[in-house]
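> Sequence and predicted structure are below.
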Amino acid sequence: MAGIQVTVNAETVIARWAELEKRLDVATDAGLLAEGRAIRGRYRRFMGKKSKRLFNSVYVEIVGRGKRKGIRVGSNVPYAEIHERGARRHVITPKRAGGVLRFNWNGRIVYRTYVNHPGHRGNPALRRATEQYRSGRVPLLRRRVQEVLSG
(Lines give C-alpha, C1' and ligand atoms only; values in the text may rest on other atoms or scores of the structure.)
Protein backbone atom coordinates (compact mmCIF):
# COMPACT_ATOMS: atom_id res chain seq x y z
CA MET A 1 0.00 0.00 0.00
CA ALA A 2 1.44 3.29 -1.12
CA GLY A 3 1.08 6.24 1.22
CA ILE A 4 2.48 9.52 2.19
CA GLN A 5 3.61 10.79 5.53
CA VAL A 6 4.46 14.19 6.83
CA THR A 7 6.42 14.62 10.01
CA VAL A 8 6.54 17.98 11.71
CA ASN A 9 8.58 18.40 14.84
CA ALA A 10 7.39 20.58 17.72
CA GLU A 11 10.17 23.14 17.27
CA THR A 12 8.96 23.95 13.76
CA VAL A 13 5.38 24.41 14.93
CA ILE A 14 6.44 26.59 17.87
CA ALA A 15 8.66 28.76 15.65
CA ARG A 16 5.89 29.17 13.06
CA TRP A 17 3.37 30.01 15.77
CA ALA A 18 5.69 32.65 17.28
CA GLU A 19 6.17 34.21 13.83
CA LEU A 20 2.41 34.23 13.26
CA GLU A 21 1.82 35.85 16.67
CA LYS A 22 4.30 38.63 15.83
CA ARG A 23 2.65 39.25 12.46
CA LEU A 24 -0.78 39.25 14.09
CA ASP A 25 0.37 41.73 16.74
CA VAL A 26 1.71 44.07 14.04
CA ALA A 27 -1.54 43.70 12.09
CA THR A 28 -3.58 44.42 15.20
CA ASP A 29 -1.59 47.60 15.88
CA ALA A 30 -1.95 48.72 12.26
CA GLY A 31 -5.68 48.02 12.30
CA LEU A 32 -6.21 49.82 15.60
CA LEU A 33 -4.27 52.85 14.39
CA ALA A 34 -6.29 52.90 11.16
CA GLU A 35 -9.53 52.85 13.15
CA GLY A 36 -8.22 55.58 15.46
CA ARG A 37 -7.24 57.76 12.51
CA ALA A 38 -10.71 57.31 11.01
CA ILE A 39 -12.32 58.50 14.28
CA ARG A 40 -9.83 61.38 14.52
CA GLY A 41 -10.74 62.49 10.98
CA ARG A 42 -14.44 62.57 11.81
CA TYR A 43 -13.74 64.36 15.10
CA ARG A 44 -11.82 67.08 13.28
CA ARG A 45 -14.69 67.53 10.80
CA PHE A 46 -17.22 68.00 13.61
CA MET A 47 -15.23 70.37 15.83
CA GLY A 48 -15.24 74.13 15.44
CA LYS A 49 -12.11 75.58 13.90
CA LYS A 50 -11.92 79.03 15.45
CA SER A 51 -8.30 78.29 16.30
CA LYS A 52 -6.20 75.39 15.08
CA ARG A 53 -4.81 74.56 18.53
CA LEU A 54 -7.54 72.06 19.45
CA PHE A 55 -7.67 70.71 15.88
CA ASN A 56 -3.92 70.05 15.81
CA SER A 57 -3.82 68.55 19.31
CA VAL A 58 -5.97 65.48 18.53
CA TYR A 59 -3.94 62.31 19.00
CA VAL A 60 -4.38 58.57 18.48
CA GLU A 61 -2.49 56.07 20.63
CA ILE A 62 -2.53 52.35 21.35
CA VAL A 63 -3.23 51.52 24.98
CA GLY A 64 -3.10 48.22 26.86
CA ARG A 65 -1.51 44.93 25.91
CA GLY A 66 -2.57 41.57 24.56
CA LYS A 67 -6.31 40.97 24.53
CA ARG A 68 -6.90 44.26 26.35
CA LYS A 69 -5.25 46.34 23.63
CA GLY A 70 -7.26 49.27 22.30
CA ILE A 71 -6.99 52.83 21.05
CA ARG A 72 -7.39 56.21 22.68
CA VAL A 73 -8.39 59.27 20.67
CA GLY A 74 -8.28 62.58 22.48
CA SER A 75 -6.69 65.95 23.05
CA ASN A 76 -4.39 67.27 25.75
CA VAL A 77 -5.52 70.90 25.32
CA PRO A 78 -6.85 72.11 28.71
CA TYR A 79 -10.16 73.36 27.28
CA ALA A 80 -10.92 70.26 25.17
CA GLU A 81 -13.31 68.83 27.75
CA ILE A 82 -15.15 72.15 28.08
CA HIS A 83 -15.46 72.29 24.30
CA GLU A 84 -16.87 68.74 24.27
CA ARG A 85 -19.18 68.86 27.31
CA GLY A 86 -19.88 72.55 27.76
CA ALA A 87 -19.67 74.73 30.87
CA ARG A 88 -21.95 76.69 33.15
CA ARG A 89 -21.68 80.43 33.67
CA HIS A 90 -18.45 81.29 35.40
CA VAL A 91 -16.06 84.13 36.15
CA ILE A 92 -12.73 84.26 34.32
CA THR A 93 -9.88 85.91 36.23
CA PRO A 94 -6.22 86.49 35.38
CA LYS A 95 -3.73 83.74 36.23
CA ARG A 96 -1.53 86.14 38.20
CA ALA A 97 -2.74 88.23 41.11
CA GLY A 98 -3.04 91.87 40.09
CA GLY A 99 -2.97 90.93 36.40
CA VAL A 100 -5.47 91.80 33.70
CA LEU A 101 -7.21 89.98 30.90
CA ARG A 102 -6.67 91.24 27.37
CA PHE A 103 -9.30 90.77 24.65
CA ASN A 104 -9.94 91.85 21.11
CA TRP A 105 -13.57 92.97 21.22
CA ASN A 106 -15.22 94.49 18.14
CA GLY A 107 -11.81 95.34 16.69
CA ARG A 108 -10.56 97.09 19.84
CA ILE A 109 -8.14 95.85 22.50
CA VAL A 110 -9.94 95.75 25.87
CA TYR A 111 -8.45 95.12 29.34
CA ARG A 112 -10.49 93.74 32.25
CA THR A 113 -9.73 92.42 35.74
CA TYR A 114 -12.43 89.75 35.35
CA VAL A 115 -15.06 88.62 32.85
CA ASN A 116 -18.44 86.94 33.41
CA HIS A 117 -18.48 84.11 30.89
CA PRO A 118 -22.06 83.27 29.80
CA GLY A 119 -21.35 79.54 29.54
CA HIS A 120 -21.19 77.18 26.59
CA ARG A 121 -23.52 74.31 25.75
CA GLY A 122 -20.73 72.22 24.28
CA ASN A 123 -20.04 70.56 20.98
CA PRO A 124 -19.87 66.78 21.55
CA ALA A 125 -17.72 66.29 18.46
CA LEU A 126 -15.72 63.33 19.77
CA ARG A 127 -18.84 61.48 20.90
CA ARG A 128 -20.56 62.14 17.56
CA ALA A 129 -17.48 61.03 15.63
CA THR A 130 -17.25 57.79 17.61
CA GLU A 131 -20.96 57.03 17.29
CA GLN A 132 -20.97 57.74 13.56
CA TYR A 133 -17.90 55.58 13.04
CA ARG A 134 -19.38 52.67 15.02
CA SER A 135 -22.71 52.79 13.20
CA GLY A 136 -21.33 52.62 9.66
CA ARG A 137 -17.77 51.51 10.10
CA VAL A 138 -15.78 49.35 7.82
CA PRO A 139 -14.07 46.82 10.07
CA LEU A 140 -10.50 47.88 9.30
CA LEU A 141 -9.00 45.79 12.08
CA ARG A 142 -10.71 42.59 10.92
CA ARG A 143 -9.65 43.23 7.32
CA ARG A 144 -6.02 43.85 8.32
CA VAL A 145 -5.86 40.70 10.45
CA GLN A 146 -7.35 38.61 7.62
CA GLU A 147 -4.72 40.00 5.22
CA VAL A 148 -1.94 38.94 7.54
CA LEU A 149 -3.34 35.48 8.18
CA SER A 150 -3.89 34.79 4.49
CA GLY A 151 -0.49 36.09 3.38
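Happy to help now that I have it.
> Number of residues surrounding residue 133?
Using other C-beta atoms under 10 Å, residue 133 has 19 neighbouring residues. (Glycine included, C-beta is placed from N, CA and C.)
> Pull the contacting residues for the closest residue in space to it that isn't next to it in sequence.
Excluding the flanking residues, the one nearest residue 133 by C-beta to C-beta, 6 or more residues apart in numbering is residue 39, at 5.1 Å. Contacts for residue 39 were tallied using C-beta atoms under 8 Å, 6 or more residues apart in numbering; they are 60, 71, 73, 129-130, 133.
> Just to be sure, residue 39 is in a strand?
No - read with DSSP: H, G, I helix; E, B strand; the rest coil, residue 39 is helix and lies in no strand.
> So which of the contacts of residue 39 wins on neighbours?
Most surrounded of the contacts of residue 39: other C-beta under 10 Å gives residue 129, at 22 neighbours.
> So what's the gap between whichever strand or helix holds that residue and the chain middle?
Element membership for residue 129, per DSSP states H and E: helix 125-136. Offset of helix 125-136 from its chain centre (C-alpha atoms, centre = their mean, to the nearest Å): 12 Å.
> Pull the number of nearby residues for the residue nearest to residue 119 when sequence neighbours are not counted.
With sequence-adjacent residues excluded and distances taken as C-beta to C-beta, 6+ apart, residue 119 is closest to residue 89, at 4.5 Å. By the criterion of other C-beta under 10 Å, residue 89 has 9 neighbours.
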